[in-house]
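*Asks:* just the structure for this:
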Amino acid sequence: MDTARFVCSLLCVLLGFAAGAHAADSNVADMVPEGGGVPVLVIGVTPLQGPAVDPNSVAESTRVLGATDINRTGIPSLTGAILEDIPSVTLNDSEGNVFQPDILFRGFTASPVAGTPEGIAIYVNGARFNDAFGDTVNWDLIPPSAIESVNLEAANPLFGLNALGGSLSVKLKNGFTEPTTSLTAYGGTYGRAVGIAEFARQYGDFGIYAVGDVTHDEGFRQTSESNLYRLYTDLGWRSDPAELHLGVTAAHDTLGNPGATPVQALNADISSIFTAPNTVDNNYLGFNLNGSLKFDPVTLLQGVGYFQTLNQIVPNGITEEVAPCGNGTGLLCNSDGTPVTGVNGAPVQDFLNGATYSGLSVQQLNSHAYGASAQLGETAPLAGLANDLVAGVRFDGTRSIFAGVQEMRLRPVFAGIPLSGRHPGPAGRGGESRAGAQRDALLRRVPQRHAVALAAARPVARRPLQRCADLAHRPARRPGERRAHL
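*Replies:* Okay, the predicted model is just below:
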C-alpha cells in the first residue's frame, strides 16, 4: 500500500501589532541596547524563525532556552532543560529509558512511541523533525551539545501538523557562534560514561562547526543498556546580505527499553523486567540546507531544504495468548477458545505440555522524509506602530516501509506490510519469494543475543521452549485467531 504523504500548505499571513514602547524594529541587532548591557529576549514565530520578535508582542505563551540552559549542570540535556525550566511540562518514562521520554506540554505529547497521539510539532533548523511514520519524536537523535537555542510556544497554526498543543523549534550551532575547541568526559553510577568533542571556528566568510558524542549507560534495570553515537557538522558561509548553511546529522543509537513491569515483580526486585528483549536500534542520517537573504534592513527572505532517513529495528519479547484447550485433545487454543491452526489448516499440538508460551516480535521501519520551505518577512512600521509580516510556502514529502516478524522460538514467518510498493502476494505469484527475502533481510539485522525471546506471563519461573511453531499472517483471519504451524 502506497503511503507517500505530501503536505503542501500556504502559511497564513501573520500580522503582529505591539505598542510603540516595544521597539520600532525587530531585527536581532536592534534588540541589543546601545552601549552594551543585557540583550532583549527575542523569539521566532515560524519554523524558519523569521524576523526576531519581542515575546511581549506575541499573544501566546512562549519560552526560550539557550545553550547555557541546556548545559547548566555541565551535563547537556535537552529534555532535562525543558522539564526544569518550562512550566506546564512533565516527562513520562513509559519506555523505561532516559533517552526516550514522552514530553507532555499542557496535556499534549511528543513521544517516540508509535501510536501515541502526537500533539507537539518539532522542528530542527527549520526542518520538520516529527518522524514520517506516526509523527513520533526520537529525542535521542539530537546531540544536546549542538543546541544553540530552543523556542517552545503554545498552539500556532503556522507550525502545521501536530501543533495543536504547541511547537518546539530547535536551532543548532554553527561556525559563526563562539569559537570553541573542547573535549569533555564524565561518568556516573549504573555504568554511565560520556565523551564529547566540540569544535567551532570562523575562517573569513566561512564557518565550520562539528560536535560528536559517545554515551554508554547500563541502567539500573535488566536489559536497559544503551549506547549512543552521534555526530553533527555545519559548514556555513556568510556575507553582508546573505548567509548559507549545510548541516549533516548522523546517529547510531541502541537503546534498552525494559518497559512497564508488574508491581509485584518490582517489589521483589526493583530491576525486574516483564519481557525481554526490548530494544530500539536507530540509524539516522539527515541533511539540512538553509539560508537567508536580506534585501534591506526590514525585508528578509529565508529558505530551507532537507532530507532525513531513519532505519529503526525494534525486537520485543512478547507473551503468546495461547494455552491448552483443556478438552483432552492436547491442542492449543486461542484466548477465545478457537484452536490454533497452521498454514495448512491443521490444529497445533500443545508441544510444551501446559507450559507458558513466549515469542519474539521484530519490527523494522525504513522512513524517508524530505521537503522545502521559503518565507518572506517584513518589519516595516504600519500606521506608526511596530509590525511583523510573514508569508511563506512549505512542502513536506515522506515515504515509509514498515515490516514485522513474529515468531515462537526460532522459525519466523514474514508478516510485513510495506506501506510503499506492493504487498507480498500469495505463493505461486512471486509473493512468497519476495516475502522470504524481506523476512531474511530483517532477521539478519537482529543481534544474535536477541534470537530467543525470554517473555513469560510470570517473570519468575520461565520454562524454555522445546519445539518451534511459526506464526503466519493470513488476510482472512478471524478476530482473535492466531495461526501457526510446526
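
*Asks:* measure the residue nearest to residue 173 when sequence neighbours are not counted to residue 335 for me?
*Replies:* Using C-beta to C-beta, 6 or more residues apart in numbering and skipping residues adjacent in sequence, the residue nearest residue 173 is residue 148, 4.6 Å away. For every residue, glycine as well, the C-beta is placed using N, CA and C. Going from residue 148 to residue 335 by C-beta to C-beta, to the nearest Å gives 53 Å.

*Asks:* neighbours of residue 341, how many?
*Replies:* 21 (other C-beta atoms under 10 Å).

*Asks:* what's opposite it in the beta bridge?
*Replies:* Beta-bridge partners for residue 341, by DSSP bridges, are residue 347, residue 483.

*Asks:* and for residue 230?
*Replies:* residue 213, residue 251.

*Asks:* with the one 4 residues further on instead?
*Replies:* When bridges are assigned using DSSP bridges, the partners listed for residue 234 are residue 209, residue 247.

*Asks:* heads up, I number from 356, so please use that
*Replies:* With the count now opening at 356, the last piece we talked about shows up as residue 589.

*Asks:* thinking again about what came up before, out of residue 503 and residue 690, which sits in the busier spot?
*Replies:* residue 503 (17 against 12).

*Asks:* what's near enough to touch the more buried one?
*Replies:* 421, 422, 526, 527, 528, 529, 532 (C-beta atoms under 8 Å, 6 or more residues apart in numbering).

*Asks:* can you tell me which of those has the most neighbours?
*Replies:* Highest neighbour count within these, by other C-beta under 10 Å: residue 528, with 24 neighbours.

*Asks:* where does that one fall, phi/psi-wise?
*Replies:* Main-chain torsions, residue 528, degrees, to the nearest 10: phi -70, psi 160.

*Asks:* in the protein, what spans have low per-residue confidence?
*Replies:* 356-400, 405-415, 697-698, 762-841 (pLDDT under 70).

*Asks:* can you give me the helices for it?
*Replies:* 422-425, 433-440, 618-623, 786-799 (DSSP state H).

*Asks:* other residues contacting the first one?
*Replies:* It refers to helix 422-425. 431, 432, 433, 436, 440, 499, 502, 503, 504, 505, 528.

*Asks:* just flag the most distant two among those residues.
*Replies:* Farthest apart among the contacts of helix 422-425 by C-beta to C-beta are 440 and 528. That separation is 19.0 Å.

*Asks:* residues contacting residue 658?
*Replies:* When the contact criterion is C-beta under 8 Å, 6+ apart, the partners of residue 658 are 403, 645, 646, 647, 727, 728, 729, 730.

*Asks:* so which of those residues belong to strands?
*Replies:* Assigned to strands by DSSP state E, the following of those qualify: 645, 646, 647, 727, 728, 729, 730.

*Asks:* what bridges to the spatially closest residue to residue 727 that is not a sequence neighbour?
*Replies:* Distances taken as C-beta to C-beta, 6+ apart put residue 660 closest to residue 727, at 4.3 Å, once the chain neighbours are dropped. Beta-bridge partners recorded for residue 660 (DSSP bridges): residue 644, residue 727.

*Asks:* from the chain's centroid, how far away is stretch 629-648?
*Replies:* 6 Å (C-alpha atoms, centre = their mean, to the nearest Å).

*Asks:* buried sites along that stretch?
*Replies:* For stretch 629-648, burial by neighbour count (16 or more other C-beta atoms under 10 Å) applies to 629-647.

*Asks:* need the CA coordinates for it. PDB is fine.
*Replies:* Taking Å, rounded to 0.1, in the frame of the first residue of the first chain, the C-alpha atoms of stretch 629-648 are listed here in PDB:
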ATOM      1  CA  PHE A 629       8.400  -8.400  32.400                       C
ATOM      2  CA  THR A 630       9.500  -9.400  28.900                       C
ATOM      3  CA  ALA A 631      12.800  -9.400  27.000                       C
ATOM      4  CA  PRO A 632      14.400  -8.500  24.800                       C
ATOM      5  CA  ASN A 633      13.100  -4.900  24.500                       C
ATOM      6  CA  THR A 634      15.400  -2.700  22.500                       C
ATOM      7  CA  VAL A 635      15.300   0.100  19.900                       C
ATOM      8  CA  ASP A 636      18.100   0.300  17.300                       C
ATOM      9  CA  ASN A 637      18.100   3.700  15.500                       C
ATOM     10  CA  ASN A 638      20.200   4.500  12.400                       C
ATOM     11  CA  TYR A 639      19.700   8.100  11.300                       C
ATOM     12  CA  LEU A 640      21.100  10.400   8.700                       C
ATOM     13  CA  GLY A 641      19.900  13.900   8.000                       C
ATOM     14  CA  PHE A 642      20.900  16.800   5.600                       C
ATOM     15  CA  ASN A 643      19.700  20.400   6.100                       C
ATOM     16  CA  LEU A 644      20.400  23.300   3.700                       C
ATOM     17  CA  ASN A 645      19.200  26.600   4.900                       C
ATOM     18  CA  GLY A 646      19.900  30.200   4.100                       C
ATOM     19  CA  SER A 647      18.700  33.800   4.200                       C
ATOM     20  CA  LEU A 648      18.900  36.900   2.100                       C
END
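
*Asks:* scan this structure for its longest strand.
*Replies:* Using DSSP E to define each element, the chain has its longest strand at strand 741-763.

*Asks:* list the contacts of residue 434.
*Replies:* Residue 434 touches 446, 456, 458, 494, counting by C-beta under 8 Å, 6+ apart.

*Asks:* if we use 10 Å, what do you get?
*Replies:* For residue 434, the contact set (C-beta atoms under 10 Å, 6 or more residues apart in numbering) comprises 444, 446, 453-458, 465, 494-495, 497, 499.

*Asks:* of the residues you listed, grab the buried ones for PyMOL.
*Replies:* Buried residues among the contacts of residue 434 (16+ other C-beta under 10 Å), as a PyMOL selection:
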select buried, resi 444+453+454+455+456+457+458+465+494+495+497+499
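
*Asks:* reformat the contacts of residue 434 as CSV; add distance to residue 571.
*Replies:* Formatted as CSV, these follow (distance: C-beta to C-beta, whole Å):
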residue, distance to residue 571
444, 28
446, 22
453, 13
454, 12
455, 16
456, 19
457, 23
458, 24
465, 26
494, 18
495, 13
497, 18
499, 16
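
*Asks:* centre of the chain to stretch 509-525, how far?
*Replies:* 16 Å.

*Asks:* end-to-end on it?
*Replies:* 15 Å (C-alpha to C-alpha, to the nearest Å).

*Asks:* buried sites along that stretch?
*Replies:* Of all the residues in stretch 509-525, those buried under the rule 16+ other C-beta under 10 Å are 509-511, 513-515, 517-525.

*Asks:* also stretch 558-573?
*Replies:* For stretch 558-573, by 16+ other C-beta under 10 Å, it's 562, 563, 564, 565, 566, 567, 568, 570, 572.

*Asks:* for stretch 456-472, same thing?
*Replies:* Buried residues in stretch 456-472 (16+ other C-beta under 10 Å): 456-460, 463-469, 471.

*Asks:* what's the farthest-apart pair in the residues you listed?
*Replies:* Top of the distance list for the buried residues of stretch 456-472 (C-beta to C-beta): 460 and 469, 19.8 Å.

*Asks:* among the buried residues of stretch 509-525, which two are most distant?
*Replies:* 519 and 525 (19.3 Å).

*Asks:* from the contacts of residue 503, which is closest to residue 621?
*Replies:* Of the contacts of residue 503, the one sitting nearest to residue 621 (C-beta to C-beta) turns out to be residue 422, at 37.9 Å.

*Asks:* thank you kindly, that will do.
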